[in-house]
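Asks: Following is a predicted model, sequence given first.
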Amino acid sequence: MTTTTVTQARHAPSPASGKQSSLAGTWVLLRFMLRRDRIRTTVWVLSLGVLGAYMAQAPKAYADNEAELHDMATLFADPVTRMMTGPGFGMDDPSFERMFSAAYVLMTYLVIALFSIFTVVRHTRVEEETDREELVRANVVGRHARLTATLTLGVVANVIIAAIIFAGAAAEYSAEGSALVAVGSLAVGLFFLAITAVTVQLSEASRGASAMAGGVLALAYVIRMGGDAAEQGGNALSWFSPLAWTQQTAPYVEDRWWPLLLPFGCTVVFIWLGYFLSTKRDVGASLLHARLGRAEAKPSLGTPLGLASHGLLGGLRGWGIGLILSGLLFGSFAQTMIDAADDLPDDFAQLFAGDDMMLGYLAYMGVFMAVLVAAAAVSGITQLRIEESRGRAEYALSAPVGRSYWFGSHLTVLVVGVLLILGLTGLGMGIGAVASLDEGGGEYFGQLFLATFLQGSTVLAVIGIVAALFGWLPKAAGGVGWVIVGYGGIVAAFGGLLELPDWAYDLNIFGHLAQYPVDDISWAPILWLSLIGVVGITIGLLGFNRREVNRV
Amino acid sequence: MSENAPVIYAQDLVKEFGPVRALDNLNLNIAPGEVHGYLGPNGAGKSTTMRVLLGLLRPDSGVIQLFGRDPWKDAVALHRRLAYVPGDVELWPNLTGGEVIDMFLRLRANEGETNFSTKRRDDLIERFDLDPRKKTRTYSKGNRQKVALISALAADVDLLLLDEPTAGLDPLMEVVFQEVIKEAKAQGKSVLLSSHILAQVEALSDRISIIRAGHIVESGTLSELRHMTRTTIEVETEKSAQQLQGLSFVHDFHAEGERTVFEVDGDHIREVMDSLAGLGIRSIVAHPPTLEQLLMRHYGDDLSGRGVSSSTTKKVS
C-alpha cells in the first residue's frame, strides 16, 4: 500500500499522469469503506438478495391451484393493483412465474433503489459534511477517488444482489425471464447510484442530497403509477420512469431486453454528470455558493415558536409540496379509474370495498397519503433529536425557555404543519378528481377532502407515540417511528399480497379508519386514535420535563 | 437574598454517568461580582458542572444552588439572570450570526419587553470583528464562539457561564475578550470562566478553582495559590548565575555558558529578580506555569486520577 501511494505521489505533478492521479487512493478508500461497512453492507446485500429470491416463491404460497391463480390474475389485471405493482403483463394467461414478475418484483426494486441512494450519500456527502473528507483529501487521494470507490462499492453490491435474485428465480422459473428480473434489479440499483452521484454534488447537506434522490425515486414511482394504471402493459407514461423501464421487459411473457438500454444508458450519462459537476466545486461546498443573509433577526425568531418554525418549516415545506402535487396527480386519475372499471367483468367489482371503484381508489390513496404525512411528522421529531444530540437544544435551553415550552413549541409547529399538509393534500386530490371527471365531480370534492383530513387522527396517533418516546426513551423514538411508518407503507401498498395473519393487519396503525367515502364514517377509531395522540404528546411533554437534556 | 449570598453554591455535588463519576463531591463557591477561573484538564468535569448549573443534568446527590435556588427546578427563572457560552458551539447552520445573536437577546428579554440594546450588540459585533450577515455554517470555530460570546455579553444578566470561551479565538480577539470581561466585572456581573490554560484565567480571575477528576483540588485567590505556581525563567547574564542554584525556592537549575534556565516558586520571584539584577541581564524570558505542570507536580503523574482512565473521563468533559 505504502509503495503504491508513494509512487503515485511522485508521479502526480507530471501532467501526463493527471488522469491517473485524480484516482489515486481509490483502492485504499474502497478497502476502508468495506472495513467500515463490513456488517452494514453485508446485511443489506444479503437481505435484499434473499428478499428478491423469496419473492419468487411468494405466488406459490398465495395460490395453491390453477383456479386460485386465475383469481389472483384478475386482481393483478385491475388498475388499482397495477398502479401499485406494475404493468401486469401476461395476466390473461397466468402462471406462477408471470405472477412473480407482475406482483412482487417492483417491491424489491424500490428497496434496492433506497439502498443505492443511502450508500452513495453515506460515503460521499456525509463524509464532506462532517469534514472527514478534508482529512482524507489532505493525503495522496485524487479528486475522483472517493466517488469512484463509492460507485465501485455500489456496483459490486448490486451485482451480488442481482446474482442472488437470479439464483432464486431461475431455480423455479425459466432462465431468460429470471435473468431479465435480475438484470432489471441491477439496472434500478445502478440508475439510482448514478442519480445520487449527481445529487450529492448539488446539496451541501446530506439530508438534501438524500431528499433529492428520494424525490427522483418517488417521482419515478408516481409517473409509472399513471402509466401502468391507465392500461394493461402501461401506456406512454410508463416510458418516462426508470422503474417502469425495467418492467417493460415483460419477463416470462415477451422477454425483451432492449428496454434495459434506457436505464443503463442514463446511468452512464448521470455518472458522467456527477464526475463533471464534482470538478466544478470545492470540497465540502455545493455548486451554489452561500449568500449573505440578514444581519438582524426578524422579531418572530425571538420566541420558542419562532425557533421551532425555523427548524421544522424547511422540511415540512419539502414534504408539503411533494404531497400536495401527488394529491393532485392521484386525484386526476379518477376518470381513468372509472374508464378502466367499465372494461372489467362484472364479478370483479366484488373485490373492492365499495360499489364505486373510483371512490374506493381515492379512499385508498387517502390512506397512502396519511402514511407519507406521518413520515413527515416522524422526520420532524428525528430532527428534534438531532437538535439535542448536536448540542443546539442545550444552548437554546440556556436561555429562559422552559423544557416543556421548547418541546411543546416544536410539537405545535409539527402538528399544525402536518394537519395543514394533510388538508391541502385532500384539497389537491379533490381538485384533481373534479377536474378529471367528465361528469358529477362536484359532489365528490367535499368527500375527498374530508376522507383525507380524517386521516389526521392516525397521523396524530403516530406523533403521540413518537413524542412520548422522545420524552422518555429519546434514543428509540426515531427508530420506532420509522418502523410504524414503514410497516404502514408496506401494508398499504402490498397488504393483500402478503398473506399476513389478522393480528399483523391490526398492528398497522393506518388500517383502523373506515374507508370513507365508500363506507360511512365511523367515529370510534377516529376518537381513539386522536386520544392516543393527545395522551402520547402529554406523556412526552411530562417526560421531557423530567429527563436530562443530551445526557452522554 | 442578602448581598453576599453566593451566586453559585455547590456542596458535595456528585454526578455519575454509568460507571464514570464525572463530579465527585464537588464544592464550589462564587460570590457576587466575582470572576472565578475554573481550571482543569480535558475531561475533568468542567462542562458537566456547567450543564448541572444550567439545570440540564440532574445531580445524583449534593446541593447545588444558583442565586439561592435550585437550577433543576427553577431553570427558566434562573436563566433570565444568566447567559451561557457552550464549549463546543453548534449553531443553526442556515441562520446568520446576526440572527442567532438577536434570537438569544429576544429569548432573554423580560416579558413584555421586546426591545434590547442594539447599541451594545452592535458595539460588540464591531469589537469582535464579526460579519453578522454570514450563515453560521460558513463560520469557523472561532467565529461561532464569537457569536455565542456576543449574545451572552450583550444580554443584561447577572451571571456569565463561559465554557472554554477563548479556545478558538486568535490572540487579538483574546485581548478584546479580556477587555469585555473586565467591563462586565466593572458592571458587577459574576463570571464563571472555565479553561485548561492557567495563563488565560490568571489575568482575569479574582479567584481560581482547580478541578481534577470531578473534584476541586485547590481553590482560592491567585496569591493564595502562589505557593503552587512556579515560574520558569530563562536568562542570559554577563556574570554566572550559579549562586541561585542553592536557594530553596529555585528548582531544576540548568546552566549552559551564559544561558541559565530554572524554575522559581511563585512567592519568591522578588528575591530572584533582585539577585539577577546584579548579574547584568542581557535577555530574560519568564514562562508562567502550565496547569499540567502544576497538577503533575502536586498530584503526581496520574493526571486522570483515581483509577478513572483518561479515555473514559474524556467523554464526560
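Replies: Nice, thanks for sending it over. Numbering: from 1, shown residues only, chains lettered A, B, ... in the order given.
Asks: show me what contacts residue B:127?
Replies: B:176, B:179, B:180 (CB atoms under 8 Å, 6 or more residues apart in numbering or on different chains). Bear in mind the C-beta positions are built from the backbone N, C-alpha and C, glycine included.
Asks: To which secondary structure element is the residue of the stretch 101-250 of chain B found nearest chain A assigned?
Replies: With CB to the nearest CB, the shortest gap between the stretch 101-250 of chain B and chain A falls at residue B:106, namely 2.2 Å. Using DSSP states H and E, residue B:106 sits in helix B:97-108.
Asks: and if you look at residue A:379?
Replies: Per DSSP H and E: helix A:357-389 holds residue A:379.
Asks: Just the buried residues of the contacts of residue B:127.
Replies: B:176, B:180 (16 or more other CB atoms under 10 Å in any protein chain shown).
Asks: Could you point out the helix or strand that follows the helix holding residue B:106?
Replies: Following helix B:97-108 in sequence, per DSSP H and E, is helix B:118-127.
Asks: quick one: buried residues of that next one?
Replies: Result for helix B:118-127 [16+ other CB under 10 Å]: buried residues B:121, B:122, B:124, B:125, B:127.
Asks: Name the next helix or strand downstream of it, please.
Replies: helix B:141-153.
Asks: any idea of the angle that next one forms with helix B:97-108?
Replies: 30 degrees (axes from the mean of the first three to the mean of the last three CA atoms, to 10 degrees).
Asks: Is helix B:141-153 in proximity to chain A?
Replies: Yes. Residues of helix B:141-153 contacting chain A under CB under 8 Å from any CB of the partner chain: residue B:148.
Asks: buried sites along that helix?
Replies: So helix B:141-153, judged by 16+ other CB under 10 Å, has buried residues B:142, B:143, B:144, B:145, B:146, B:147, B:148, B:149, B:150, B:151, B:152, B:153.
Asks: low-confidence ranges in the stretch 1-150 of chain B?
Replies: B:1-4, B:110-116 (pLDDT under 70).
Asks: at 50 instead, please
Replies: B:1-2 (pLDDT under 50).
Asks: Quick check: chain neighbours aside, which residue is closest to residue B:63?
Replies: residue B:11 (4.3 Å; CB to CB, 6 or more residues apart in numbering or on different chains).
Asks: which parts of the helix holding residue A:379 are buried?
Replies: For helix A:357-389, by 16+ other CB under 10 Å, it's A:357-385, A:387-388.
Asks: What's the first helix or strand after it?
Replies: helix A:392-397.
Asks: Tell me who's in contact with residue B:232.
Replies: Contacts of residue B:232 (CB under 8 Å, 6+ apart): B:261, B:262, B:263, B:286, B:287, B:289.
Asks: Using the three-state scheme, assign it.
Replies: Secondary structure, DSSP: H, G, I helix; E, B strand; the rest coil: residue B:232 is strand.
Asks: Please list all residues in contact with the residue in the stretch 151-300 of chain A that chain B sits nearest to.
Replies: Chain B sits closest to residue A:297 of the stretch 151-300 of chain A, with a gap of 3.5 Å, by CB to the nearest CB. When contacts are counted by CB under 8 Å, 6+ apart, residue A:297 touches B:95, B:98, B:99, B:100, B:101, B:102, B:103, B:106.
Asks: In strands, which of the contacts of residue B:232 fall?
Replies: Among these, the residues falling in strands (DSSP state E) are B:261, B:262, B:263, B:286, B:287.
Asks: Can you flag the buried ones in those?
Replies: B:261, B:262, B:263.
Asks: Work out which residue lies at the spatial centre of chain B.
Replies: residue B:194 (2.8 Å; CA atoms, centre = their mean).
Asks: What strand or helix carries that residue?
Replies: strand B:190-195.
Asks: Given that strand, what are its sheet partners and their directions?
Replies: Take DSSP bridges as the rule and strand B:190-195 pairs in its sheet with strand B:35-39 (parallel), strand B:159-163 (parallel).
Asks: Over to residue B:84: give its phi and psi.
Replies: phi -130, psi 140 (degrees, to the nearest 10).
Asks: Tell me the one among the buried residues of helix B:118-127 nearest to residue B:203.
Replies: Using CB to CB, residue B:127 comes nearest to residue B:203 of the buried residues of helix B:118-127, at 17.8 Å.
Asks: the domain parsing of chain B - what is it?
Replies: B:8-226, B:230-287 (automatic domain parsing).
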